[in-house]
Structures are given as structure tokens and as C-alpha cells.
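Participant: Show me how the following folds:
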Amino acid sequence: MIGFAEYEPTTDETANDVMLPITPSLMISNDTSLVDAVSIFANDSLWNSWFQKAGLGEGECPLGNRVLFVLRGNRITHLARYKHLLGLPLRMIVFSLLISLESRILTILQQKPKESISFLFDKRLDKAVKTCKDRKVKKQSDGSYSPQEILNSTTFSDRCRILLKFNRGLTNLPFVNKSEAKSFLGRLEELRNDIAHSRHNEKIARDPHLLHQILNSLLHLLKALEMPLKGNLFENSKIAK
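Facilitator: Predicted coordinates:
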């Protein structure tokens with residue numbers, strides 16, 4: 001295989017006349033991770049260079065023209081477009097990363113559970129207490145639920161909000177300020193809910209750069225939360241407030 005055709009030729013054209021070249025940059029191994037494949041689709045310079053050299057136009061390569069050829073050994077066995085990456089396997093990868101983040105945040109907050117739950121709004125605290133009841137959690141001798149169990153009954157959004165409000169500091173976050181952190185964690189919450197409820201995310205479907213950015217930032221955040229540090233949440237950031 002030396003090329004491929006994107007459209008049906010007319011009667012006076014040969015396949016060679018309309019064939020587009022398959023360059024090494026368009027080939028990936030069949031064991032390439034889905035996360036790495038997303039970064040390839042988001043690499044505009046790679047696609048624009050191929051698009052222009054192939055004579056398809058002088059501008060940017062549209063997402064619909066971006067095709068990768070999957071190699072098994074030395075044979076091309078599959079074609080992959082960006083839309084093919086957005087199925088269940090990648091959704092499960094993203095969801096597992098979000099679950100890991102949620103678990104990591106909970107572990108950090110459990111260092112000071114009583115102080116952590118003090119940052120919950122009354123309605124959110126009442127909901128967590130109700131969840132404890134629904135889970136049939138054993139009460140303490142005074143008839144209340146322990147702060148640890150209340151934290152265990154909070155939601156992903158609850159834990160993110162507590163982490164941002166806990167300015168006495170259990171860890172440092174890799175964001176310039178709280179506004180940036182809040183915006184990113186809000187986007188993760190939306191993505192988590194979309195995956196959990198099998199909803200289609202139009203923004204990500206149209207923009208591989210957005211998915212690439214989210215994945216990179218999520219992996220960076222998980223790494224940053226591996227080693228909790230003392231001090232203000234943003235003390236190592238450019239802006240502390």
C-alpha cells in the first residue's frame with residue numbers, strides 16, 4: 001500500500017491521479033496508547049504539513065481529513081480517525097483517571113477529616129449524612145457519624161470544593177490561582193458526569209486539542225497530588241491568592 005483515495009475518481013482519472021501519500025508520520029503501531037493517539041490528532045503542525053504537501057489546500061488540515069494508518073508488524077491493518085477514539089475504551093480510561101483523582105483527594109482530606117467537613121455547605125453536609133444513613137454506616141457513641149464516614153459519603157464535586165477551600169493546606173495544586181483550579185475541576189466534574197451517564201460531549205468530539213489538554217492536565221494533577229506538601233495550597237504558584 002502506497003496511498004489512499006479520499007473520494008471517487010471521475011471516469012478520466014486513474015487512482016494514481018487522486019491518490020494521497022501515506023507518509024511515515026501517518027502510521028502508528030497497533031500498541032500505541034489511546035492517550036498518545038489523541039496527542040497525535042491534536043498535533044496541528046504535523047497534519048497541516050501533510051495536508052499542504054499533499055496538495056489538498058494551503059490552510060489547516062480539517063479534522064475530517066486526519067487519518068492514521070495502524071501497523072501490525074509491517075502491514076497496515078486498520079484506519080483510525082479521531083471519532084474512532086471516542087468510544088468506550090477511551091471513556092473508561094478517562095473515567096478511571098477521574099476515579100483515581102477522586103480517591104486521591106479523599107485520602108488527602110482524610111488527614112484532617114473534621115476540619116475538612118467544616119467546609120461543606122449545610123445542604124451538602126446534610127446530603128452526606130443522609131448518604132451515611134443509606135449506607136447503614138455505624139454511628140458513634142454520641143449518635144453521630146464520624147467525620148471520616150461523612151467524608152466517605154461526599155461526592156466528587158464536594159471533595160473538589162473542600163480541597164480548594166482548605167487554604168490551611170494539605171497539598172499544593174499545579175494551578176496559577178484558585179480561579180483556574182476551580183474552572184478545571186468543574187470541567188472534570190462535567191466530563192465525569194457525561195461519561196457516567198453515557199452522554200456525548202460535543203466540545204470534545206469537535207476538538208482533539210481540548211481532550212489532549214484535559215488528559216495532560218489531569219495526569220499532571222494526579223502526579224502533583226501524589227506527594228502532599230505543607231503550607232498554602234498555592235504557595236508554589238505564581239499567584240498565591
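
Participant: where along the chain do the strands fall?
Facilitator: Using DSSP state E, the strands of the chain run over residues 3-4, 20-21, 27-29, 68-72, 75-80.

Participant: Please identify the most buried of the ones you listed.
Facilitator: When you average the neighbours per residue for each of the strands of the chain (mean count of other C-beta atoms under 10 Å), strand 68-72 leads with a mean of 16. Every residue, glycine included, has its C-beta placed from N, CA and C.

Participant: Spell out which residues make up each domain of this protein.
Facilitator: When the chain is parsed with automatic domain parsing, its domains come out as 3-85, 88-224.

Participant: how long is the longest one from one end to the other?
Facilitator: Read it as domain 88-224. One end of domain 88-224 to the other measures 27 Å (C-alpha to C-alpha, to the nearest Å).

Participant: check contacts around the residue lying closest to residue 209 once chain neighbours are set aside.
Facilitator: Using C-beta to C-beta, 6 or more residues apart in numbering and skipping residues adjacent in sequence, the residue nearest residue 209 is residue 42, 4.7 Å away. Applying C-beta atoms under 8 Å, 6 or more residues apart in numbering, one finds that residue 42 lies in contact with 208-209, 211-212.

Participant: Contacts for the top helix by length along the chain, please.
Facilitator: Determined from DSSP state H, the single longest helix within the chain is helix 88-109. Identification of contacts with helix 88-109 by C-beta under 8 Å, 6+ apart yields 34-35, 38, 116, 151-152, 154, 156, 159-160, 162-163, 166, 170-171, 188, 191-192, 195-196, 215, 218-219, 221-222, 225-226, 228.

Participant: Just the buried ones among the residues you listed, please.
Facilitator: By neighbour count, with 16 or more other C-beta atoms under 10 Å, these hold 34-35, 38, 116, 151-152, 154, 156, 159-160, 162-163, 166, 170-171, 188, 191-192, 195, 215, 218, 221, 225 as buried.

Participant: pLDDT score for residue 21?
Facilitator: pLDDT, residue 21: 76.

Participant: nope, residue 72 is what I meant
Facilitator: If you check residue 72, the pLDDT there is 90.

Participant: for residue 188, same thing?
Facilitator: Per-residue pLDDT puts residue 188 at 94.
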